[in-house]
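A.B. asks: okay, sequence plus prediction incoming.
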Amino acid sequence: MMEGKESFFRSTNKYRLITCSGAILLIVLLIIYMHTLAPSPNRSTAQDSLTVQVITMRVDSGWGYQIWINQHPFIYQNQIPAIPGHHVFHSRAEAMRVGSCVASKILRHESPTITVAELQQLGIAEANR
């Protein structure tokens with residue numbers, strides 16, 4: 001009669017050992033998986049490798065620009081920003097200067113807004129009116 005109880009305890013202990021081993025293995029695998037997802041200081045993230053592109057375009061009777069980030073459209077600017085009313089850039093070069101200024105702000109993780117003073121510094125004639 002003792003043998004039956006002894007084998008029951010052995011099988012129960014074996015079951016506990018297998019269950020605990022499986023749980024520990026699962027926890028270790030989860031920790032490894034989470035570690036591979038967490039950004040480390042040595043690993044670059046998607047934000048660290050931004051690709052910002054400025055594309056000029058013809059609009060109305062002038063020029064505008066688009067900003068693409070990592071090959072996705074981000075800004076569609078069909079008029080001069082910060083100037084009330086609907087005023088377009090007079091040349092492709094003007095649109096590119098302002099678009100490039102906005103792109104550099106994005107790369108520095110700054111707000112992509114443009115002020116009238118910045119437009120004046122970039123030589124945009126409409127900003128002086």
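C.D. replies: Ah, there it is. Just so you know, these numbers come straight off a predicted model, no measurement behind them.
A.B. asks: low-confidence stretches in the protein?
C.D. replies: 1-10, 20, 28-30, 35-48 (pLDDT under 70).
A.B. asks: what segments of it are strands?
C.D. replies: 52-59, 62-69, 72-77 (DSSP state E).
A.B. asks: what are the pairing partners of the first one, and which direction each?
C.D. replies: Strand 52-59 has its sheet partners listed here by DSSP bridges as strand 62-69 (antiparallel).
A.B. asks: would you list the phi and psi of Glu110?
C.D. replies: Here is the backbone geometry of Glu110 (degrees, to the nearest 10): phi -100, psi 170.
A.B. asks: so who does it touch?
C.D. replies: Applying CB atoms under 8 Å, 6 or more residues apart in numbering to Glu110 gives no contacts. C-betas here are computed from N, CA, C, even on glycine.
A.B. asks: separation between it and Ile55?
C.D. replies: According to CB to CB, to the nearest Å, Glu110 stands 21 Å off from Ile55.
A.B. asks: export the strands of the chain as TSV, with columns for distance to Arg97 and mean neighbour count.
C.D. replies: What follows is those, written out as TSV (distance: least, CB to CB, whole Å; neighbours: other CB atoms under 10 Å):
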stretch	distance to Arg97	mean neighbour count
strand 52-59	10	16
strand 62-69	9	19
strand 72-77	12	14
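A.B. asks: quick one: which of the ones you listed is nearest Thr19?
C.D. replies: strand 72-77 (47.8 Å; CB to CB).
A.B. asks: can you name every helix or strand that that closest one contacts?
C.D. replies: strand 62-69, helix 92-107 (3 or more CB pairs under 8 Å, 6 or more residues apart in numbering; DSSP states H and E).
A.B. asks: residues in contact with it: which ones?
C.D. replies: The contact list for strand 72-77 (CB under 8 Å, 6+ apart) reads Gly64, Tyr65, Gln66, Ile67, Trp68, Ala95, Val98, Gly99, Val102, Ile106, Pro112.
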